[in-house]
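S.K.: Structure for the following, please:
(2 chains, ligands or ions: 1)
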Amino acid sequence: MAEPTVPAPQADPNADLDVLILGGGVVGNTIAFHLTERGVRPTVIDRGFPLSGTSGSTQAWIWVHTKTPGFYGELSLASADLYRDTLAPRLPGIEYTRTGGLSLLFSRDELARAERLRDAQRPYGIDIEVVGREGVRRLEPHLSPEVAGATFSPHDGNVNPFQLVRRLLAAAQAQGAAYRFYERVVSLRERRGGERRFEVRTDRGLLRARRLVLAAGLWTPELAAPLGVEIPVRPVRGQILVSEPLPPVLGHTLNFMRQMANGEILFGYSQEEAGRDRRSTWDVLSATAGLGIRVLPLLRGVRLVRAFSGLRPMPRDGLPIVGEVPGHPGLFVAVMHSGYTLAPLIGTVMAELLVQGHTSIPIEGLSLARFEGG
Amino acid sequence: MLCRCEDVRVADVRACLALGARDPDAVKRLTRYGMGLCQWRYCRSALVRYLAEQLGESPAAFPTPRLRLPTWPVPVQALVRPEAVAPSGSRDLG
Ligand SMILES: Cc1cc2nc3c(=O)[nH]c(=O)nc-3n(C[C@H](O)[C@H](O)[C@H](O)COP(=O)(O)OP(=O)(O)OC[C@H]3O[C@@H](n4cnc5c(N)ncnc54)[C@H](O)[C@@H]3O)c2cc1C
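M.R.: Next comes the predicted model:
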């Protein structure tokens, strides 16, 4: 007699999701990946494909030494160490390189400020050396003698942003995270009383989740508004130029220029209040080109292959907004500039928060609560 | 081979589809397709045709990309204007 066939248990399509992450940039993906490392299988929703937001137009320095106040520098350092010790070994191919970083000084009066920075960062474990003109030339022989000095730190480096997001996403998918791409969230509702639920209306239907993570970068404020939650974040535009591939000419990450593994040089650091206008503009590109040549004279005749521009999701005080939203149990937020530098750290603490309810390092300073009353 | 500058092959594009990518820009960011010296000029239509065929769409369903300045490779010096002022702000932001 044939064995009776037992129907495979079917997932109920109307069942509540455990964790739903809104936004599939570097922040949404690092949270998803770190959750799957702990056995949680979140759902991630994005109106496009990951990298269509800010995460696809970035410099991706893993930058530590000039980050202030000290506790922010300390978090950035902890994250850089997680890249080296945990993430890069776990996800081969992300091209994390700890190049060391140089923050350039153009005049002698900037030297005193550099020494103050060095002294202020020391208690947080951040090593900084102040080097003069000659020291800079020893570290980077191709830089112009016009560069008067620099702060140097061994902690800084960079990553390949596209490969990082690709590998976080692929690993999370392989470990059971569900992705809904090309689906736009239209509105959110919080059902209080009885069992708390979040209802997420999209252009394809209705989803329900027990816990919701807002990680939509720049677009988080408009998603959170219907819940009565204000996220003080605004766009700050940055424009970048990309050169043709060159043989290795820069060994370090400079704070406005770096050479990628394929030889291209990325440079630019403009900070513009331009709303959501993501175009490149000739005035800024021209100024960027001029400064590039001033710092690295050999760029003069090098061909540019591309320019791009991105919108930094900049919190009002510049610091990340991370954690559970006060007064809204089950609602979490993770919005920040420097999402690449902080990716392993934010992924780790958010996974801890969602799995254990507390984090291994204090993150109260990052809570949305700090903006209350002003 | 679909993109010669960056050496992207059909199998690479297929891997993007497996991850869930459904548009040319997503393939570009995942593989560097079209990010080489030609900047999409010679290779984009081949990608659009391949995606359209795989997804059962019309090639017209994929809008043409935003134009990125500069539209052809020029030396860095060619962009410099004497009156241009350095961008403002801290250089430490990234
Ligand atoms: C020029 C520039 C240089 C930078 N340099 C550095 C650097 O050197 N180092 C560093 O650490 N950081 C840097 N940054 C910052 C860094 O890139 C960002 O902090 C990071 O990319 C933010 O990631 P995110 O996931 O929060 O945002 P995003 O990548 O924007 O992801 C948000 C996602 O939400 C999705 N979304 C939005 N609305 C909806 C909706 N209604 N429904 C569904 N999905 C939605 C979007 O499609 C998007 O994919 C730089 C940024 C810029 C612009």
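
S.K.: so what's residue A:345 up against?
M.R.: Going by C-beta atoms under 8 Å, 6 or more residues apart in numbering or on different chains, residue A:345 touches A:75, A:78-79, A:82. (Each C-beta comes from the backbone N, C-alpha and C, glycine too.)

S.K.: Generate a PyMOL selection restricted to the buried entries among those.
M.R.: Per 16 or more other C-beta atoms under 10 Å in any protein chain shown, the buried members of the contacts of residue A:345 correspond to this PyMOL selection:
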select buried, chain A and resi 75+78+79+82
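
S.K.: what residues does the stretch 51-200 of chain A put near the ligand?
M.R.: When proximity is defined by C-beta under 6 Å from any ligand atom, the stretch 51-200 of chain A lies next to the ligand at A:52-55, A:57-61, A:63, A:184-185.

S.K.: repeat that for 8 Å
M.R.: Within the stretch 51-200 of chain A, the positions near the ligand by C-beta under 8 Å from any ligand atom are A:51-63, A:158, A:161, A:183-186.

S.K.: Among those, which ones are in strands?
M.R.: Using DSSP state E, A:61-62, A:158, A:185-186 are the members of those that sit in strands.

S.K.: Is it correct that residue A:301 is in contact with residue B:75?
M.R.: Yes - under the criterion of C-beta atoms under 8 Å, residue A:301 makes contact with residue B:75 at 5.1 Å.

S.K.: Between the two, which has more neighbouring residues?
M.R.: Using other C-beta atoms under 10 Å in any protein chain shown, the more surrounded residue of residue A:301 and residue B:75 is residue B:75, with 17 against 11.

S.K.: Just want the phi and psi numbers for the more buried one.
M.R.: In this entry, residue B:75 is assigned phi and psi values of phi -70, psi 150 (degrees, to the nearest 10).

S.K.: what bridges to it?
M.R.: Following DSSP bridges, residue B:75 is listed with bridge partners residue A:303.

S.K.: What's the local residue count around residue B:83?
M.R.: Neighbours around residue B:83, by other C-beta under 10 Å: 7.

S.K.: Mind pulling the model confidence for it?
M.R.: Predicted confidence (pLDDT) for residue B:83: 71.

S.K.: what do you get for the one 4 residues further on?
M.R.: In the prediction, the pLDDT value recorded for residue B:87 is 63.

S.K.: My guess is residue A:120 contacts residue A:70. True?
M.R.: Yes - checked against C-beta under 8 Å, the pair residue A:120 and residue A:70 is within contact range at 6.5 Å.

S.K.: With adjacent residues omitted, what lies nearest to residue 28?
M.R.: I went with chain A, as the question did not name one. The shortest distance from residue A:28 to any non-neighbouring residue, by C-beta to C-beta, 6 or more residues apart in numbering or on different chains, is to residue A:215 (4.1 Å).

S.K.: actually chain B
M.R.: Spatially, and ignoring its direct neighbours in sequence, residue B:28 is nearest to residue B:34 (5.0 Å; C-beta to C-beta, 6+ apart).

S.K.: Do any residues in the helix ranked longest in chain A lie close to the ligand?
M.R.: Taking DSSP state H as the assignment, the helix of chain A that covers the most residues is helix A:339-356. Yes - Helix A:339-356 is in contact with the ligand by C-beta under 8 Å from any ligand atom, via A:339-343.
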